[in-house]
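Visitor: Quick one, fold the following:
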Amino acid sequence: MVGLADMVSLPYAAVPFVTSIILVLAAPGSPQAQPRNILGGHILSSLAGIVVLLLLGGTGWFAAIAVGLAVGAMVATKTLHPPAGINAFMIVTLHQHWTVLLMPVAAGAVILTCYAWVYHRLTRETPWPEVG
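Guide: Below is the predicted model:
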């Protein structure tokens, strides 16, 4: 993920996948650690941050609103991935351009999901993602 930050000239702290990686590798059976939640959570949270930043601005209060919208969107779509909530916060407080949704967020979520699939195929007896 550090490489993604370099590619788009973002500080490493602005790439929101550290806690996602921990959740997906340490608790792969968790509903929040499934691909639908990883991808949907990160994308919806980023969209919430972009919308709030564009419509309201980039203050701490608006970042809180963005996080609340992100949580609401994830719950409504059954894509809750708690680590993704930081996307909305960072987009608003760091005044990030909407393209952050594509790179590093969407690209990073896809890479994380692919990595987790390979990792769990090599290290677990039961398949990941969890089915049913």
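Visitor: The top helix by length along the chain - what's its average pLDDT?
Guide: Among the segments of the chain that qualify as a helix by DSSP state H, the longest is helix 35-55. Averaged over helix 35-55, pLDDT sits at 97.
Visitor: Pass me the low-pLDDT residue ranges in this structure, would you?
Guide: 1-15, 131-132 (pLDDT under 70).
Visitor: Leu80: how many residues sit nearby?
Guide: 18 (other Cβ atoms under 10 Å). All C-beta spots, glycine's among them, are computed from the backbone N, C-alpha and C.
Visitor: How about Asn37?
Guide: One way to gauge burial is a neighbour count; for Asn37, by other Cβ under 10 Å, it gives 26.
Visitor: Which residue would you name as the spatial centre of this protein?
Guide: The centre of the chain sits closest to His42, judged by Cα atoms, centre = their mean, with a distance of 2.7 Å.
Visitor: Which residues are in contact with it?
Guide: 16, 20, 81, 84, 87, 105-106, 108-109 (Cβ atoms under 8 Å, 6 or more residues apart in numbering).
Visitor: that older thread, CA atoms of the longest helix of the chain as CSV?
Guide: What follows is helix 35-55, C-alpha atoms only, in CSV (Å, rounded to 0.1, in the frame of the first residue of the first chain):
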residue,chain,number,x,y,z
PRO,A,35,-14.7,-8.9,0.1
ARG,A,36,-18.1,-7.3,-0.2
ASN,A,37,-17.5,-5.3,3.0
ILE,A,38,-13.9,-4.5,2.2
LEU,A,39,-14.7,-3.1,-1.3
GLY,A,40,-18.1,-1.6,-0.5
GLY,A,41,-17.0,-0.1,2.8
HIS,A,42,-13.9,1.7,1.5
ILE,A,43,-15.7,3.0,-1.6
LEU,A,44,-18.8,4.2,0.2
SER,A,45,-16.8,5.8,3.0
SER,A,46,-14.7,7.6,0.4
LEU,A,47,-17.8,8.7,-1.5
ALA,A,48,-19.3,10.1,1.7
GLY,A,49,-16.1,12.1,2.3
ILE,A,50,-16.0,13.4,-1.2
VAL,A,51,-19.6,14.5,-1.1
VAL,A,52,-19.2,16.3,2.2
LEU,A,53,-16.0,18.0,1.2
LEU,A,54,-17.5,19.2,-2.0
LEU,A,55,-20.8,20.4,-0.5
